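Novice: Dropping the sequence and predicted coords here.
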Amino acid sequence: MTNVVRKTDTEEKSMPVLRRKSHFVSFFSDLIRSKTGLAGFFIICLLFVIGIIGFLIVPFNPMDTETAQKLLPPHTEGHLMGTDQLGRDVFSRVILGTRVSLTIGIVTVVLAGVIGTVIGVLAGFFRGWLDMVLMRIVDVQLSFPFILLVLVVNAVLGSGLKNIIISLIIAGWVVFARVVRSEVLAIREKEFIIACVATGVSGWEIMVKHILPNLFTPIIVLASLQVANFIIAEASVSFLGFGVQPPQPAWGNMLNEGKDYIFNAWWMITFPGLAIVITALGINLFGDWLRDELDHDL
Amino acid sequence: MKNILDVSNLEVKFQTRRGGVQPLRGVSFRVHEGETLGIVGESGCGKSVTLLSVMGLLPNDMAEISKGKVLFEDQEITHLKEHERRKLRGSKMSMIFQEPMTSLNPVFTIGDQLSQPLRKHTKLGKKEMKKRIIDMLKLVGISRTEEIIHQYPHQLSGGMRQRVMICLAIICEPQLLIADEPTTALDVTIQAQILDLLKKIKQKNNMSIIFITHDLGVVAELCDRVIVMYTGQIVEEADVRTFFNSPKHPYSKGLLASMPKEDERKQKLYAIKGNVPGLNELPLGCSFSNRCPMAFDRCKMSPPVVKVDGQICRCWLYAEQKVGEQHGE
């Protein structure tokens, strides 16, 4: 047994090209071996498919109101998840809500991630007064509850998809800035950075070419976990009546509408709620696996 | 012989939250062309600070060269602007570090990292660069060079990484190589190979080396001249033969006595009693006096620098035979 292992070891070393190709493959073979990671990955793939082609598979127009058919329980007259108080099909609305949630989750994470990374890198690399100022801003922001901050910004900006994204970014970049700054502080003390300086590399190049690529792993891991947070935050804000406004379907505002009927139409609140839970769970499962997979050498 | 590096009366101050300390208190030494200079001493005696200030790598938010001059090829370099220093670093003077495991950037291939100083300091084209890298890798004793340049640091062993580090330091053929304990983290057989390699490269390129180490065996093996440092001062300077045959300063004697010898098996190794004092609690006068077995009354005063048989020694014991001029204070 040990012989076999040793043989493959040397084979790998003598064939670097092969080894580089298998990088991607090994990532997926690791994923298949992890039950939770794979489950999360499937849920995410499923959500993307629904998000992209959802409008093709919905049986009803989610905006169509038909008061004659209001509050139908699931499985009646072709309404898989029943209808709401205006007779709109809950299933169609949940399906189309997927796109809203995913858009918000991904766009906010990308933009908040970029802003937070830039600020974190600047603070961690240059230290001094810049670091002081930026990190005090972060401290002040972190002392507010996240949801409250999103609500306040959203109340100022007004509701709507674009504004909820902006308010989530304003409230969410601080987490990235914090994590990135602390990573930069750790990396800049590593010997390879001093070794770079010793070979005549300038400070700017060190920041961009040597520190930034080393931040890739922690940022990816944090971003994957933040997507779920942002989706939940959007749902919470929409539930409270801000954010995405009806009649446009979003899981949060469906919950809001459903809460008044919770005792006589349980389906109105259950299915969008389940959609949020499954999405957050899937993303978190995958994000956790990703952290275990990528973090080992950092 | 021509001096490649001339450090005179160098003083460095660190500003910390609890006030200032002075890790270097007037250090003067010279490095000739093609010479290997060893710097020895316990941890915290200023070896690394000396060399970092020569390289201009002191953290500039807290450290400051408060006095003294560093002449590199007869050019004063302590007052150079950062971009002028960058031109020197990696091309004319370069440095090898102690930890081969963390001295290479984990996200770049070996080839990428080796091409960096070339891109900075030369105008070679892509093909010439690759050829130079492969030649230099062969010089530091790496076979399978075509594959190595596509590999990442984590795919290499510690000895290989240190070879790559050396390659990185010498790829622009510097006149001065500073080696900060390059073999401490390696096992003994690899250590011997790396030392041989340094000797070989030095002869080939007529390069000067400053070698920091704890290991007096390495000094005997590699160095032409030795400097002994203690609490930010040079306490003894001698050529390597004289140093091992007749060390003058009690601290040097202590260091040599605490070296294990292969032909005898003592119950316990000799150790200099006590520890290196902190920089803000130095004893008055000679800073070694509180640990020195030969200390006497005059050691309460700052000891003179005396020349004894071609050695330079900072000690009251030899004050009567004082022949040379007085350095420093």
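Specialist: Alright, I've got the coordinates. Residues are numbered from 1 along each chain as shown, chains lettered A, B, ... in the order given.

Novice: and the residue nearest to the spatial centre of chain B, bridged to which residues?
Specialist: Chain B has residue B:212 as the residue nearest its centroid, 3.2 Å off, counting by Cα atoms, centre = their mean. Using DSSP bridges, the beta-bridge partners of residue B:212 come out as residue B:39, residue B:180.

Novice: Okay, it and residue B:96: tell me how far apart.
Specialist: 10 Å (Cβ to Cβ, to the nearest Å). C-beta coordinates here come from the backbone N, C-alpha and C atoms, glycine included.

Novice: got it, and residue B:214?
Specialist: In terms of Cβ to Cβ, residue B:214 sits 16 Å off from residue B:96.

Novice: tell me which parts of chain B are close to chain A?
Specialist: Residues of chain B lying near chain A by Cβ under 8 Å from any Cβ of the partner chain: B:55, B:57, B:61, B:83, B:86-91, B:94-95, B:97-99, B:102-108, B:116-117, B:120-121, B:144, B:147, B:150-151, B:154-155, B:165, B:168-169.

Novice: The residue most central in space within chain A: what's it in contact with?
Specialist: Central residue of chain A (Cα atoms, centre = their mean): residue A:227, 1.1 Å from the mean position. Contacts of residue A:227 were listed using Cβ atoms under 8 Å, 6 or more residues apart in numbering or on different chains, and they are A:105-106, A:109, A:283, A:287.

Novice: And residue B:210, which helix or strand is it part of?
Specialist: Under the criterion of DSSP states H and E, residue B:210 resides in strand B:208-213.

Novice: So which bits of the stretch 151-298 of chain A are right by chain B?
Specialist: When proximity is defined by Cβ under 8 Å from any Cβ, the stretch 151-298 of chain A lies next to chain B at A:190-192, A:194-202, A:210, A:213-214, A:216, A:297.

Novice: same thing but at 6 Å, please
Specialist: Proximity of the stretch 151-298 of chain A to chain B, by Cβ under 6 Å from any Cβ of the partner chain, involves residues A:190-192, A:195, A:197-200, A:210, A:213-214.

Novice: Low-confidence regions, the stretch 51-200 of chain A specifically.
Specialist: Counting by pLDDT under 70, the stretch 51-200 of chain A contains no low-confidence range.

Novice: ranges for the helices of it?
Specialist: A:90-126, A:128-142, A:146-157, A:161-188, A:191-198 (DSSP state H, counting those that start in this stretch).

Novice: so who does the residue of chain B found nearest chain A touch?
Specialist: Using Cβ to the nearest Cβ, the closest approach of chain B to chain A is made by residue B:90 at 3.5 Å. Contacts here follow Cβ atoms under 6 Å, 6 or more residues apart in numbering or on different chains; on that basis residue B:90 touches A:199-200, B:117.

Novice: at 10 Å instead, please
Specialist: A:195-201, B:116-118, B:120-121, B:168-169, B:171-172, B:174 (Cβ atoms under 10 Å, 6 or more residues apart in numbering or on different chains).

Novice: List buried residues within those residues.
Specialist: A:195-201, B:116-118, B:120-121, B:168-169, B:171-172, B:174 (16 or more other Cβ atoms under 10 Å in any protein chain shown).

Novice: one step back: any idea which element the residue nearest to the centre of chain A lies in?
Specialist: Per DSSP H and E: helix A:212-239 holds residue A:227.

Novice: How far away from the center of its chain is the helix or strand hosting residue B:203?
Specialist: Assigned by DSSP H and E, residue B:203 falls within helix B:188-205. Distance of helix B:188-205 from its chain centroid, counting by Cα atoms, centre = their mean, to the nearest Å, is 16 Å.

Novice: Remind me what it packs against, helices and strands.
Specialist: The contact analysis (3 or more Cβ pairs under 10 Å, 6 or more residues apart in numbering or on different chains; DSSP states H and E) places helix B:188-205 against strand B:36-40, helix B:126-139, helix B:158-170, strand B:176-180, strand B:208-213, helix B:216-222.

Novice: Any buried residues in that helix, and which?
Specialist: B:190-191, B:193-195, B:197-198, B:201-202.

Novice: Include pLDDT when you put those residues into JSON lines, please.
Specialist: As requested, the buried residues of helix B:188-205 are exported to JSON lines (pLDDT from 0 to 100):
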{"residue": "B:190", "pLDDT": "81"}
{"residue": "B:191", "pLDDT": "84"}
{"residue": "B:193", "pLDDT": "85"}
{"residue": "B:194", "pLDDT": "85"}
{"residue": "B:195", "pLDDT": "88"}
{"residue": "B:197", "pLDDT": "87"}
{"residue": "B:198", "pLDDT": "88"}
{"residue": "B:201", "pLDDT": "87"}
{"residue": "B:202", "pLDDT": "89"}
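
Novice: can I get these in CSV with distance to residue B:294?
Specialist: Listed next are these as CSV, based on distance: Cβ to Cβ, whole Å:
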residue, distance to residue B:294
B:190, 39
B:191, 34
B:193, 40
B:194, 37
B:195, 34
B:197, 40
B:198, 36
B:201, 41
B:202, 37
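
Novice: Show me the two of those that sit farthest apart.
Specialist: B:190 and B:202 (18.5 Å; Cβ to Cβ).

Novice: ok so, going back, identify, from the residues of the stretch 151-298 of chain A next to chain B, the entry nearest to residue B:281.
Specialist: residue A:191 (29.7 Å).

Novice: Tell me if I'm right that the closest one and residue B:57 touch.
Specialist: No: with contact defined as Cβ atoms under 10 Å, residue A:191 does not count as touching residue B:57 (11.5 Å).

Novice: is it possible to export the residues of the stretch 151-298 of chain A next to chain B to JSON lines including distance to residue A:128?
Specialist: JSON lines is the format used below for these (distance: Cβ to Cβ, whole Å):
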{"residue": "A:190", "distance to residue A:128": "20"}
{"residue": "A:191", "distance to residue A:128": "23"}
{"residue": "A:192", "distance to residue A:128": "23"}
{"residue": "A:195", "distance to residue A:128": "24"}
{"residue": "A:197", "distance to residue A:128": "18"}
{"residue": "A:198", "distance to residue A:128": "23"}
{"residue": "A:199", "distance to residue A:128": "25"}
{"residue": "A:200", "distance to residue A:128": "24"}
{"residue": "A:210", "distance to residue A:128": "20"}
{"residue": "A:213", "distance to residue A:128": "24"}
{"residue": "A:214", "distance to residue A:128": "22"}
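
Novice: circling back: identify the contacts common to residue B:212 and residue B:96.
Specialist: B:178-182.

Novice: And those residues, which two are furthest apart?
Specialist: B:178 and B:181 (11.0 Å).

Novice: Quick check: neighbours shared by these two?
Specialist: The contact lists of residue B:178 and residue B:181 share B:48, B:96-97, B:211-212, where a contact means Cβ under 10 Å, 6+ apart.

Novice: Who is residue B:229 paired with across the strands?
Specialist: Residues in beta-bridge contact with residue B:229 (DSSP bridges): residue B:234.

Novice: I'd guessed it sits against residue B:213; true?
Specialist: No: at 11.7 Å, residue B:229 does not count as touching residue B:213 under the criterion of Cβ under 10 Å.

Novice: Could you tell me which residues touch both of those two?
Specialist: Counting by Cβ under 10 Å, 6+ apart, the residues touching both residue B:229 and residue B:213 are B:39-41, B:47.

Novice: can I get those in JSON lines with distance to residue A:34 and neighbour count?
Specialist: Formatted as JSON lines, those follow (distance: Cβ to Cβ, whole Å; neighbours: other Cβ atoms under 10 Å in any protein chain shown):
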{"residue": "B:39", "distance to residue A:34": "52", "neighbour count": "28"}
{"residue": "B:40", "distance to residue A:34": "52", "neighbour count": "25"}
{"residue": "B:41", "distance to residue A:34": "52", "neighbour count": "25"}
{"residue": "B:47", "distance to residue A:34": "49", "neighbour count": "23"}
